[in-house]
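*Asks:* structure, please.
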Amino acid sequence: MAQDAGKADVIAAQLERLAQYLEKMNVAGYVELMQRPMRLLFLNFAAGLARGLGIAIGATLIFALMLEMLRRVIMLNIPGIGEFVANIVKIVEETNGKGKF
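*Replies:* Numbers count the residues shown, from 1 in each chain. Presented below is the predicted three-dimensional model:
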């Protein structure tokens with residue numbers, strides 16, 4: 001009898017740890033999400049839009065900073081490098097339509 005009570009205590013403790021682990025993993029939320037596929041699609045669509053917008057804004061900012069850095073190198077008028085960078089900036093501005101005015 002004492003041995004059965006000890007096993008029951010061990011099993012109860014393991015079940016408690018398992019319940020805490022499942023709670024940490026938010027299994028209930030995941031199961032609920034799987035039962036509502038339209039919500040899952042909406043959340044994935046919104047996440048994709050946010051990622052795409054973030055990538056676009058980030059790439060634009062990095063490109064603008066690089067372009068500004070190149071313009072400052074041109075201002076230093078370093079022989080060879082300045083002319084090379086000036087040609088690159090000229091090509092970029094013509095491609096964007098700014099050099100036509």
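*Asks:* going forward, measure contacts and count neighbours with C-alpha atoms only.
*Replies:* Will do.
*Asks:* pLDDT of stretch 24-41, averaged?
*Replies:* Stretch 24-41 carries an average pLDDT of 87.
*Asks:* SS state for the residue nearest the centre of the chain?
*Replies:* For the chain, residue 51 is the residue whose C-alpha lies nearest the centre (Cα atoms, centre = their mean; 5.8 Å). Classification of residue 51 by DSSP: H, G, I helix; E, B strand; the rest coil places it in helix.
*Asks:* and it, how far is that from residue 37?
*Replies:* 21 Å (Cα to Cα, to the nearest Å).
*Asks:* may I have the predicted confidence score for residue 57?
*Replies:* For residue 57, the predicted pLDDT is 97.
*Asks:* now do the helices in the chain.
*Replies:* For the chain, the helices defined by DSSP state H occupy 2-25, 27-35, 37-76, 81-96.
*Asks:* just name the most buried of the ones you listed.
*Replies:* helix 81-96 (a mean of 14; mean count of other Cα atoms under 10 Å).
*Asks:* that one packs against which elements?
*Replies:* When contacts are defined as 3 or more Cα pairs under 8 Å, 6 or more residues apart in numbering; DSSP states H and E, helix 81-96 packs onto helix 37-76.
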